[in-house]
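Visitor: Structure of the sequence below:
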Amino acid sequence: MKQSIFEIMTNVPLTENVFEMTLLGDCTDITRPGQFVNIKLDGLFLRRPISVCDVSGGRLTLIYKVVGQGTEKMSKMAGGKLDLLTGLGNGYDLEPSGDTPLLLGGGVGVPPLYLLAKELIKRGSRVTAILGFNTAGEIFYEDKFKKIGCDVRVTTADGSYGTKGFVTDALPEKYSYFYCCGPEPMLKAVCKSTVASGQLSFEERMGCGFGACMGCSCETLTGYKRICRDGPVLKKEEIKW
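Guide: Predicted coordinates for the structure are as follows:
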């Protein structure tokens, strides 16, 4: 974990309430897809945890949804600097991925899968990405996943674009392993619907973001784990639903 000051380069809307922010700063502690940063915002006591979407040199890309006071404040930023804790969380383990990994993301669970997809493709994997949204107006990054070489499938709950239904309604017949990020009901459904092993990234409210407060603990088959420090990525086989 490292505390660093980042400069805001861009902050643009991707949909009505989802924004993409790019920052410039020290990214050396970000070593795996699926890690997150914790952002300090003036006037707010708790930092805001945001998944890393992409990192290249000193350039960091974050995607966030406006859901409360903190992200509302972020959406109005045009330039300036931010205090970040970087290198938080364990991130995804790429070793078990196999030749044909499957990525499943729901809503703002999509962003951390982008860097993961890039890293898997660098290894020679043929990546299928299923991106799930509620409606066509919420879709983002479909073209970006296609551009880096993914076989992309999009689902919408209302059927306004792509496959009608959820990510589990667009599963391919064969895949070597899966990686997932999204709300807990989606993670549970993916676990029940997939035949291969996999890893799931949990979205959880956090206090400190680095394991000191125990506020984001969850029960697994081997005891309680802290989502911020022992996760956010857990293996399918260890989760106690």
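
Visitor: Report all helices and strands that the lengthiest strand in the chain contacts.
Guide: Using DSSP state E to define each element, the chain has its longest strand at strand 2-13. Contact analysis of strand 2-13 by 3 or more Cβ pairs under 8 Å, 6 or more residues apart in numbering; DSSP states H and E lists strand 18-24, helix 69-75, strand 81-88 as its packing neighbours. Using the backbone N, CA and C atoms, a C-beta is placed for each residue, glycine as well.

Visitor: who wins for proximity to residue 133 among the ones you listed?
Guide: Taking Cβ to Cβ as the criterion, strand 18-24 is the member of the helices and strands packed on strand 2-13 that comes nearest to residue 133, at 9.9 Å.

Visitor: quick one: the longest strand of the chain to strand 18-24, angle?
Guide: In this structure, strand 2-13 runs at an angle of 130 degrees to strand 18-24, with axes from the mean of the first three to the mean of the last three Cα atoms, to 10 degrees as the basis.

Visitor: Can you check what angle separates strand 2-13 from strand 81-88?
Guide: Using the same axes, to 10 degrees, strand 2-13 lies at 110 degrees relative to strand 81-88.

Visitor: Need the contact partners of strand 2-13.
Guide: By Cβ atoms under 8 Å, 6 or more residues apart in numbering, the residues outside strand 2-13 that reach it are 19-26, 28-29, 59-60, 74-75, 77-87.

Visitor: what's the answer for stretch 42-49, then?
Guide: By Cβ under 8 Å, 6+ apart, the surrounding residues in contact with stretch 42-49 are 36-41, 64, 69-71, 73-74, 85, 88, 206-207, 209, 228.

Visitor: Next, count neighbours for the closest residue in space to residue 51 that isn't next to it in sequence.
Guide: If the residues on either side of it in the chain are set aside, residue 51 comes closest to residue 112, at 4.2 Å by Cβ to Cβ, 6 or more residues apart in numbering. Neighbours of residue 112 under the rule other Cβ atoms under 10 Å: 30.

Visitor: Which of the residues in the helix or strand hosting residue 112 are classified as buried?
Guide: Per DSSP states H and E: residue 112 is located in helix 111-122. Of the residues in helix 111-122, those buried under the neighbour-count criterion (16 or more other Cβ atoms under 10 Å) are 111-120.
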